[in-house]
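K.L.:
Provided below for reference: sequence and predicted model.
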Amino acid sequence: MDSKIFITRIIPDPGLVLIREHFLPDIWTSDLPPSRGELIAHSHGVDGLLCLLTEKIDGELMDSIGSQLKVISSMSVGVDHIDVAAATARGIPVGNTPGVLTDATADQALALMLSAARRIPEAERFLRAGKWVTWQPSLLLGADFTGSTLGIVGFGRIGQAVARRAQGFDLRVIYHDPSAQPVYGAQPVDMDTLLGESDFVSIHVPLTEKTRHLVNSEFLAKMKSNAVLVNTARGGVLDQTGLYQALKCNRIFAAALDVTDPEPLPMDSPLLELENCIIVPHLGSASKKTRDLMSLLAAQNLISGLKGERLPHCVNPEVYR
């Protein structure tokens, strides 16, 4: 096929090989994402765009690309970096990669909970600094996990996968999500009840105007003083200034963040000064199997759109009506 494609970064082989079986794509090969100017220049005149969550895909860019644009495929589940309404208004289907990263992200959430509760990164730094001189009864005491209460904010696929894993730790699971039905023994509660009773609070909501800074000073003030906050959703869901103050004064026990706002987190962020805050570089889906599957779904969405077929995973299906 003669369709023109721009891929904004080198993606894992399964998706890339599939695309190259049909097309000769233009691929941005740098480790860093293209600048706005570079994105505009390389995407001008293309029929299909495959992007990551690091690119802002708005109406201005879509118009710059041209009316021939048939599909936007993102190698991500979240599409807050894409103006989906603008794409819909222009009749452009937008694809994402749901489902395949559910387990990997749920695993990451549990790993962060345990790491924060038992102070694993802090303990390793302590050892590497040569401070471990003897066994001590009160050295680096952490929070209990088994038998605690886990509050899940957002009970979609990933939130439910976290609840399923929690059964193995004998956790009492409560959640807040008015649109979700209870599964895996989890009990629906209002937000104030969740914050007041949870020893661990795990965030699993998409980033929207409604959820931006959902986790703010008021939210944190309602949490238990021994509680651990974990965010594997989107950085913008969390007010980092409010979190810093809560952690600094030990209003909550600890936090573990897989995502930040912005990404990457600036090295002068005060959060990096805190021992009770774990921050990792957006690794929720970072297993080889998961990233391979994500690239494959993104490629399938792209190819279907270029062929004029319905996308296997379309976030704006109203474009087909």
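P.N.:
In hand now; what should we look at? Residues are numbered from 1 along each chain as shown.

K.L.:
Where does the prediction get shaky in this protein?
P.N.:
Applying pLDDT under 70 to the chain flags residues 1.

K.L.:
what's the longest helix in it?
P.N.:
For the chain, the helix with the greatest residue count under DSSP state H is helix 288-306.

K.L.:
CA atoms only: put that one into PDB for me.
P.N.:
C-alpha atoms of helix 288-306 as PDB (Å, rounded to 0.1, in the frame of the first residue of the first chain):
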ATOM      1  CA  LYS A 288       8.500  -7.400  27.600                       C
ATOM      2  CA  LYS A 289       5.400  -9.500  26.900                       C
ATOM      3  CA  THR A 290       3.100  -6.600  27.700                       C
ATOM      4  CA  ARG A 291       5.000  -4.000  25.600                       C
ATOM      5  CA  ASP A 292       5.200  -6.500  22.700                       C
ATOM      6  CA  LEU A 293       1.400  -6.900  22.900                       C
ATOM      7  CA  MET A 294       0.800  -3.200  23.100                       C
ATOM      8  CA  SER A 295       2.900  -2.600  20.000                       C
ATOM      9  CA  LEU A 296       1.000  -5.300  18.200                       C
ATOM     10  CA  LEU A 297      -2.400  -3.800  19.100                       C
ATOM     11  CA  ALA A 298      -1.200  -0.300  18.100                       C
ATOM     12  CA  ALA A 299      -0.100  -1.700  14.700                       C
ATOM     13  CA  GLN A 300      -3.400  -3.500  14.200                       C
ATOM     14  CA  ASN A 301      -5.300  -0.400  14.900                       C
ATOM     15  CA  LEU A 302      -3.100   1.600  12.500                       C
ATOM     16  CA  ILE A 303      -3.400  -0.900   9.700                       C
ATOM     17  CA  SER A 304      -7.200  -1.300  10.000                       C
ATOM     18  CA  GLY A 305      -7.700   2.400   9.900                       C
ATOM     19  CA  LEU A 306      -5.500   2.700   6.800                       C
END
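
K.L.:
what's it packed up against?
P.N.:
helix 13-20, strand 48-51, strand 71-74, strand 94-95, helix 102-117 (3 or more CB pairs under 8 Å, 6 or more residues apart in numbering; DSSP states H and E). C-betas here are computed from N, CA, C, even on glycine.

K.L.:
6 Å instead, please
P.N.:
Where contact means 3 or more CB pairs under 6 Å, 6 or more residues apart in numbering; DSSP states H and E, helix 288-306 is packed against helix 13-20, strand 48-51, strand 71-74.

K.L.:
Turn those into a markdown table, including mean neighbour count.
P.N.:
A markdown table is the format used below for the helices and strands packed on helix 288-306 (neighbours: other CB atoms under 10 Å):
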| stretch | mean neighbour count |
| --- | --- |
| helix 13-20 | 18 |
| strand 48-51 | 28 |
| strand 71-74 | 29 |
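
K.L.:
got a list of what residue 74 touches?
P.N.:
For residue 74, the residues meeting the contact criterion (CB atoms under 6 Å, 6 or more residues apart in numbering) are 51, 96.

K.L.:
The same query, at a cut-off of 7 Å, please.
P.N.:
Residues in contact with residue 74 (CB atoms under 7 Å, 6 or more residues apart in numbering) are 51-53, 82, 95-96, 298.

K.L.:
I'd like the distance between it and residue 154.
P.N.:
Distance from residue 74 to residue 154, counting by CB to CB, to the nearest Å: 20 Å.

K.L.:
What is the neighbour count of residue 241?
P.N.:
13 (other CB atoms under 10 Å).

K.L.:
Would you mind giving both backbone torsions of it?
P.N.:
Backbone torsions of residue 241, given as degrees, to the nearest 10, read phi -70, psi -50.

K.L.:
Tell me which stretches of the chain form strands.
P.N.:
Assigned by DSSP state E, the chain shows strands spanning 5-7, 26-27, 48-51, 71-74, 94-95, 149-153, 172-176, 187-188, 200-203, 228-231, 254-257, 277-279.

K.L.:
Kindly reformat those strands as JSON lines containing distance to residue 269.
P.N.:
Output for those, formatted as JSON lines (distance: least, CB to CB, whole Å):
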{"stretch": "strand 5-7", "distance to residue 269": "31"}
{"stretch": "strand 26-27", "distance to residue 269": "32"}
{"stretch": "strand 48-51", "distance to residue 269": "26"}
{"stretch": "strand 71-74", "distance to residue 269": "27"}
{"stretch": "strand 94-95", "distance to residue 269": "31"}
{"stretch": "strand 149-153", "distance to residue 269": "23"}
{"stretch": "strand 172-176", "distance to residue 269": "28"}
{"stretch": "strand 187-188", "distance to residue 269": "35"}
{"stretch": "strand 200-203", "distance to residue 269": "19"}
{"stretch": "strand 228-231", "distance to residue 269": "15"}
{"stretch": "strand 254-257", "distance to residue 269": "11"}
{"stretch": "strand 277-279", "distance to residue 269": "8"}
